[in-house]
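*Asks:* give me a model of this one.
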Amino acid sequence: MRIKRYTARTIHEALDAVRRDLGSDAVILHTRKIPPTWLGKLLRLEKFEVIAALDANIRKQAAAGIETFTPQTFGAGDTQFDAMEKPACPDKSLPGEKEFGAWGETRGDRSSPKKRPTAGSSAPGADFLRIHELLLDSDMDPELAEALIRNSRAKWREAQLAGKTAYELIFHEIAAMFPTANGITLAPDERKVVALVGPTGVGKTTTLAKIGALFAIFGQKKVAFVTADTYRVAAMEQLRTYAQIIGVPLEVAYTPQDMRDALLKHTDADLVLIDTAGRNPRSDMSMAELRAILHAAQPDETHLVMSMNTRACDLFEIVDRFTVCGINRLIFSKLDETTRLGPMLTIGNSYKILISYVTYGQNVPQDIRAADPTYLAKCLLDIESVYPTITHE
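*Replies:* Numbering: from 1, shown residues only. Below you'll find the model as predicted:
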């Protein structure tokens, strides 16, 4: 199967491009309206995206596939994939006064201009006060927000001599505190088994399909899916559809022995991704069943998937309850459904569990990104949209 992405100003133009390139036998996998940049909003420019497929050898066509999703290699022999296109502003660049000025405006000032001066003013104390309020608005833990401000104030004189603003100083502090794994890495000639766990409705199955597509299609790795989510027929069928489109095998494990058999069947795979049923963390029976499945699987990594539209206090309880399952990675989903991303830093810093991915939509294999501290800090501070394709000029 050949999968390609097309963009145009109208949906009809995009579909015409599909027909011209792939012919009338092409199958439309997904369509969406791309969120406009601020300039696009000003000029009222619209842009649409269509992902289409044509039967072919998917692995031979992968190199010519969606240009936005390009695998990247880090280190000697360790293969890693950053799902999304890099922003126009390089990650290593630092936000300056313009970005932080826009930040305050977009989030809305509730105080008078006298109390909330613009970035780079001669009143750093007022700047720190303003930033503190915005951190609290993001639902960051108050003690953590206070510690960030206190640490930044202690470094203010040195930063001032280096020509940095209070905002840049806070940005550095936040980025340094994010514990990230930068996705999943695969060592040569070794199989890695990764399980995704979490409560109901957080997007585990869709996230698993996104990760699988990145490695199978764009990374040319041998991937296998195993689902232990036998409670919902729709979940199995959804993953089966994804497996067929991506071109990877799918095994169903009803019991712990089924899980062991499925893993033995795919000893030659580079990556085995295990989907589990959403569990109520308050149910001891549900958690015991999940532990039995994980004990049989013996995964190398267990990623806890949590939705960012969940209350901060509930997120803490979810992590506490799922620690009995041996979680060692975090995936935050649905970043597009909230503007309060402070709990990401609070939880990551409190539990010292590495954040592997963040997701922000239903599109497969889009809407996922390997977590890196700079990107997460920009999202938390609302300097950059969670969608990497939207740039701020």
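*Asks:* which residues touch A209?
*Replies:* Taking C-beta atoms under 8 Å, 6 or more residues apart in numbering, we find A209 in contact with 239, 242, 246, 364-365. C-betas here are computed from N, CA, C, even on glycine.
*Asks:* G326 now?
*Replies:* G326 makes contact with 294, 302, according to C-beta under 8 Å, 6+ apart.
*Asks:* do I353 as well
*Replies:* Residues near I353 by C-beta under 8 Å, 6+ apart: 179, 304, 319, 327-330, 347.
*Asks:* list only buried entries from those.
*Replies:* 179, 304, 319, 327-330, 347 (16 or more other C-beta atoms under 10 Å).
*Asks:* export the residues you listed as a markdown table, with columns for secondary structure and distance to A154.
*Replies:* Formatted as a markdown table, those follow (DSSP: H, G, I helix; E, B strand; the rest coil; distance: C-beta to C-beta, whole Å):
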| residue | secondary structure | distance to A154 |
| --- | --- | --- |
| P179 | coil | 22 |
| L304 | strand | 34 |
| V319 | helix | 30 |
| I327 | coil | 34 |
| N328 | coil | 33 |
| R329 | strand | 32 |
| L330 | strand | 29 |
| I347 | helix | 25 |
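*Asks:* and these as a markdown table, adding pLDDT and distance to K155?
*Replies:* As requested, these are exported to a markdown table (pLDDT from 0 to 100; distance: C-beta to C-beta, whole Å):
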| residue | pLDDT | distance to K155 |
| --- | --- | --- |
| P179 | 92 | 21 |
| L304 | 96 | 33 |
| V319 | 93 | 30 |
| I327 | 93 | 33 |
| N328 | 93 | 32 |
| R329 | 95 | 31 |
| L330 | 96 | 28 |
| I347 | 93 | 25 |
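*Asks:* ok, the residues you listed vs A292, which is closest?
*Replies:* I327 (15.9 Å; C-beta to C-beta).
*Asks:* was I right to think that closest one contacts L196?
*Replies:* No: if you go by C-beta atoms under 8 Å, I327 and L196 don't touch, sitting 10.2 Å apart.
*Asks:* for Q362, helix, strand, or coil?
*Replies:* When classified by DSSP: H, G, I helix; E, B strand; the rest coil, Q362 comes out as coil.
*Asks:* report the contact partners of it.
*Replies:* 203, 206.
*Asks:* for it, give me phi and psi.
*Replies:* phi -100, psi -10 (degrees, to the nearest 10).
*Asks:* okay, and the helix or strand of the chain with the least pLDDT?
*Replies:* Least confident helix or strand, the chain: strand 72-73 with a mean of 33, by mean pLDDT, DSSP states H and E.
*Asks:* next, format the buried ones among the contacts of I353 as a markdown table and append distance to F48.
*Replies:* Formatted as a markdown table, the buried ones among the contacts of I353 follow (distance: C-beta to C-beta, whole Å):
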| residue | distance to F48 |
| --- | --- |
| P179 | 38 |
| L304 | 35 |
| V319 | 39 |
| I327 | 39 |
| N328 | 40 |
| R329 | 35 |
| L330 | 33 |
| I347 | 36 |
